[in-house]
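give the three-dimensional model of this entry:
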Amino acid sequence: MSTITAARESARRTKTILAAEARLRQAFPDLAAIFCTFHDGILTLSGGVASTHLRELAAIIVQEVQGVHEVHNEVVVTKPRIATPQQLPSWSDLSPKLADLPC
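Below is the predicted model of the structure:
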């Protein structure tokens, strides 16, 4: 692989990681503790969140990022808790946030 090709690939990886992490932070502040790595179309999520709901939501949010073909979710639940339906965001709350996220 030439130096130019390697530099372009590195730039693509960085752009994908930044886009995924921006989507997570914009969607919910609680997802800011999730970090991403990217290689060969696979985006890997790591870090910790407070609930399984947030863990699953993180994978959904990043799957539409350009260049991502597969998401490996290695996020751990660090503070398990049971959320009541009143504590969970409704679809009407989520829909506008997801629509405004960059791809």
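
quick one, what contacts Glu71?
One correction, residue 71 is Val, not Glu. By C-beta atoms under 8 Å, 6 or more residues apart in numbering, the contact list for Val71 reads Ile42, Leu43, Thr44, Leu45, Ala59, Val62, Gln63. C-beta coordinates here come from the backbone N, C-alpha and C atoms, glycine included.

any idea how far it is from Ser2?
Distance of Val71 to Ser2, computed by C-beta to C-beta, to the nearest Å: 30 Å.

ranking helices and strands of this structure by mean pLDDT, which lands last?
When each helix and strand of the chain is scored by mean pLDDT, DSSP states H and E, helix 91-99 comes last, with a mean of 61.

after the longest helix that the chain contains comes which helix or strand?
The single longest helix within the chain, with elements called by DSSP state H, is helix 3-27. Using DSSP states H and E, the helix or strand that follows helix 3-27 towards the C-terminus is strand 34-39.

give me the sheet partners of that following strand and which way each runs.
Its sheet considered, strand 34-39 pairs with strand 42-49 (antiparallel) by DSSP bridges.

I'd like the average pLDDT over the strand it pairs with.
Strand 42-49 shows a mean pLDDT of 95.

buried residues in the following helix or strand past it?
Next along the chain after strand 42-49, taking DSSP H and E as the criterion, comes helix 52-62. For helix 52-62, the neighbour count (16 or more other C-beta atoms under 10 Å) marks His53, Leu54, Arg55, Leu57, Ala58, Ile61, Val62 as buried.

do the same with stretch 4-21
Across stretch 4-21, burial judged by 16+ other C-beta under 10 Å covers Arg13, Thr16, Ile17, Ala19, Ala20, Glu21.

give me the pLDDT for Ser2.
Taking Ser2 on its own, its pLDDT is 80.

burial count for it?
The burial count assigned to Ser2 is 7, neighbours taken as other C-beta atoms under 10 Å.

residue numbering should commence at 23 henceforth.
That works, and once the first residue is 23, the last one we named lands at Ser24.

quick check: it vs Arg30, distance?
9 Å.

and what of His91?
Per C-beta to C-beta, His91 is found 18 Å from Arg30.

Ala44 too?
Distance from Ala44 to Arg30, counting by C-beta to C-beta: 21 Å.
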